[in-house]
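Asks: What follows is a predicted protein model with its sequence.
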Amino acid sequence: MNYLCTRDRKKKVSGMEAIIQGISEDGGLYVPEYFPALPKLQSLMDLSYEELALKILKLYFEEYTEEELKKAVSSAYGEKFHGKHPVEVVKKGEVHFLELFHGPTLAFKDMALTLLPHLLKTALQKKGIQEEVVILTATSGDTGKAALEGFRDVEGIQVVVFYPKTGVSDMQRLQMVTQEGRNTHVLALEGNFDDAQNGVKKIFGDEDFRKELKEKGYVLSSANSINIGRLIPQIVYYVYGYLRMVESGDLRMEEKMNIAVPTGNFGNILAAFYAKNMGLPMEKLLCASNDNNILTEFFLHGTYDTRRNLFLTSSPSMDILVSSNLERFLHEVSGKDEDLVKRHMDSLKAEGLFQWNGALPGDFYAEYADEKDVSQCIEKVYKEERYLMDPHTAVAYSVSEKYRKTTGDLKPLLLASTASPFKFPHKVLTSLGAPVSEDLFENIEALAMLLDGEVPTEISDLKIKPILHKRVTSLDAMAEVLLDALSGGEMND
């Protein structure tokens, strides 16, 4: 399996090279040369999550030996995850919640970012790369913490995370700024997530700066979903969710289901699209946006226009206007027309918009949920099922309700539940009409009482952890601050 660049048809790299580079030097993303077929679903029924992950990863990353992949998978999904399985499927009413938040940071990003460090380290060793790798990442909330935790103290790797100073939740910020690890660097940015993401892409595309880094003994890579090593592992949990629905009797083998996914950067739902192209029986992919409904407008009208205000919502991981992984989707639906994709991406960069005139597959239904919708759904599901959703999951739930009412389609539904409600206690409590304190941890305790459970230690420990990362920077100074961080200077401000 080779990987193609979305913007250059002549460029072709191996899986290991795609993981190491993260993003092509021309700004393009790496995509698989083809979609391998899933093994017969019946043959996968009795596999554990780890065994299923191994089966799927082998289809995409053939350079790794089976032992190397097995070691990576067991290291990723072992003691770091809570409960019997890394992923749980919980049925409430007519919805099957695909719970992806049982990892160390209580968000779905853990599913790939506990694995990526092992894939990257093995690739570096096999390719004989001597330079230290700098994982450079922009985050809208959850990716940053998951990357920091996943790569913490991994030899030969530095992790640098830029996050929007006012664009993440209090809990997400605390998780990042208290991060331990001798190789972790967390930097607040004066701006929003799109500013952070564009700044990171600019650094990746700056050939002179990359040369300067190389002279200092560093090479760049990424932990965002622009890295194919982040995206491929996400396919696994959709297959796993389908199999568990069959196991419970809520699906017949080979019967089609619908999937609802809250999305901002388009990576999580793209993994579902990849799974469908591999043969996983799906009918509709429900693309759920919050008030930043740019993807809704794209699927309805073909217009992708970022010339608008970015709303800061209760689902900050979706507060995004430039959905990077949409480029991979366009590559597929254009028939792998790299020139066309490049023209549209150039237009987006220069003018802030593009108009897609080609056909879009009927796989997708796109809608959005506003803050009122989110609150109503959190309250409804708790009252009816005694089940608490975080705001991102509630966005997908709201869109799935709108889809069912609009179309009458009642196919079994798998809904990606992407974060623990403990990460967003204020929105959850206010949605339920419960008292809210100015103290974050009092709100967390109140949430625990509603759930008749204990606060996860990953959350409770934050109350006593010291703030280790305090630096704030501007968009123009990102490259300079990156160099300073690598020299150990980011905690001096």
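Replies: Great, that's in hand. Every value quoted in this text rests on a predicted model; they were computed, and no experiment measured them.
Asks: Every contact and neighbour count from this point should use C-alpha atoms.
Replies: OK.
Asks: what about the longest helix belonging to the chain, average pLDDT?
Replies: Taking DSSP state H as the criterion, the chain has its longest helix at helix 228-247. In this model, helix 228-247 has a mean pLDDT of 98.
Asks: Check which residues of it are buried.
Replies: Residues 228-246 are the ones in helix 228-247 that count as buried (16 or more other Cα atoms under 10 Å).
Asks: how about the strands of the stretch 301-450 of the chain, start to end?
Replies: With DSSP state E, counting those that start in this stretch as the criterion, the stretch 301-450 of the chain has strands at 303-305, 353-355, 364-368, 413-417.
Asks: Reformat these as JSON lines; add mean pLDDT, distance to residue 381 and mean neighbour count.
Replies: What follows is those, written out as JSON lines (pLDDT from 0 to 100; distance: least, Cα to Cα, whole Å; neighbours: other Cα atoms under 10 Å):
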{"stretch": "strand 303-305", "mean pLDDT": "98", "distance to residue 381": "33", "mean neighbour count": "19"}
{"stretch": "strand 353-355", "mean pLDDT": "97", "distance to residue 381": "37", "mean neighbour count": "17"}
{"stretch": "strand 364-368", "mean pLDDT": "98", "distance to residue 381": "18", "mean neighbour count": "21"}
{"stretch": "strand 413-417", "mean pLDDT": "98", "distance to residue 381": "13", "mean neighbour count": "27"}
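Asks: Which neighbouring elements make contact with the longest helix of the chain?
Replies: Counting contacts by 3 or more Cα pairs under 8 Å, 6 or more residues apart in numbering; DSSP states H and E, helix 228-247 packs against helix 15-21, helix 49-60, strand 88-92, helix 110-113, helix 116-127, helix 267-277.
Asks: what's in contact with the first one?
Replies: Counting contacts by Cα atoms under 8 Å, 6 or more residues apart in numbering, the residues outside helix 15-21 that touch it are 1-3, 30, 60-63, 119-120, 123-124, 220-222, 227-229.
Asks: if I look at the spatially most central residue of the chain, how far off is residue 433?
Replies: Taking Cα atoms, centre = their mean, the centroid of the chain lies closest to residue 109, which sits 5.0 Å from it. Note on residue 109: its distance to residue 433, by Cα to Cα, to the nearest Å, is 30 Å.
Asks: distance between stretch 29-44 and the chain's centre?
Replies: Remark: stretch 29-44 is offset 20 Å from the chain centroid, using Cα atoms, centre = their mean, to the nearest Å.
Asks: which parts of that stretch are buried?
Replies: 29, 30, 31, 32, 35, 36, 38, 44.
Asks: Which of those fall within helices?
Replies: Per DSSP H, the subset of these in helices is empty.
Asks: could you dump those residues to JSON lines with distance to residue 358 and pLDDT?
Replies: Below are the buried residues of stretch 29-44 laid out as JSON lines (distance: Cα to Cα, whole Å; pLDDT from 0 to 100):
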{"residue": "29", "distance to residue 358": "20", "pLDDT": "96"}
{"residue": "30", "distance to residue 358": "22", "pLDDT": "97"}
{"residue": "31", "distance to residue 358": "20", "pLDDT": "98"}
{"residue": "32", "distance to residue 358": "22", "pLDDT": "98"}
{"residue": "35", "distance to residue 358": "22", "pLDDT": "98"}
{"residue": "36", "distance to residue 358": "25", "pLDDT": "98"}
{"residue": "38", "distance to residue 358": "28", "pLDDT": "98"}
{"residue": "44", "distance to residue 358": "37", "pLDDT": "98"}
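Asks: Next up, the contacts around residue 338.
Replies: 5, 6, 7, 8, 9, 331.
Asks: Minimum pLDDT in these, which residue is that?
Replies: Among the contacts of residue 338, residue 9 has the lowest pLDDT, at 88.
Asks: Now for that one: which residues touch it?
Replies: Counting by Cα under 8 Å, 6+ apart, residue 9 has contacts residue 338.
Asks: Could you verify that it is part of a strand?
Replies: Yes - per DSSP: H, G, I helix; E, B strand; the rest coil, residue 9 lies within a strand segment.
Asks: re earlier: right, and the strands of the stretch 301-450 of the chain - which one's nearest residue 49?
Replies: Nearest to residue 49, of all the strands of the stretch 301-450 of the chain, is strand 413-417, at 16.3 Å by Cα to Cα.
Asks: partners of that closest one, with directions?
Replies: Next to strand 413-417 in the sheet, as set by DSSP bridges, lie strand 95-99 (parallel), strand 257-262 (parallel).
Asks: so which of those strands is the most packed in?
Replies: Ranked by average neighbour count under the criterion mean count of other Cα atoms under 10 Å, the strands paired with strand 413-417 are headed by strand 257-262 at a mean of 26.
Asks: what's the angle from that one to helix 267-277?
Replies: Regarding strand 257-262 and helix 267-277, their directions subtend 160 degrees when assessed with axes from the mean of the first three to the mean of the last three Cα atoms, to 10 degrees.
Asks: For ChimeraX, write the selection for the buried entries among the contacts of helix 15-21.
Replies: In ChimeraX syntax, the buried subset of those is picked out as below (16+ other Cα under 10 Å):
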select :1,2,3,30,60,61,63,119,120,123,124,220,221,222,227,228,229
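Asks: where exactly do the helices run in the stretch 301-450 of the chain?
Replies: 326-333, 338-351, 371-385, 391-407, 425-431, 440-450 (DSSP state H, counting those that start in this stretch).
Asks: what residues does the fifth one touch?
Replies: Outside of helix 425-431, the residues within contact range by Cα under 8 Å, 6+ apart are 314, 375-376, 378-379, 388-391, 421, 435-436, 440, 443-444, 447.
Asks: Apply 6 Å and report the result again.
Replies: Helix 425-431 is touched from outside by 375, 379, 443, 444, with contacts defined as Cα atoms under 6 Å, 6 or more residues apart in numbering.
Asks: in the sheet, who's paired with residue 364?
Replies: With DSSP bridges as the rule, residue 364 is bridged to residue 285.
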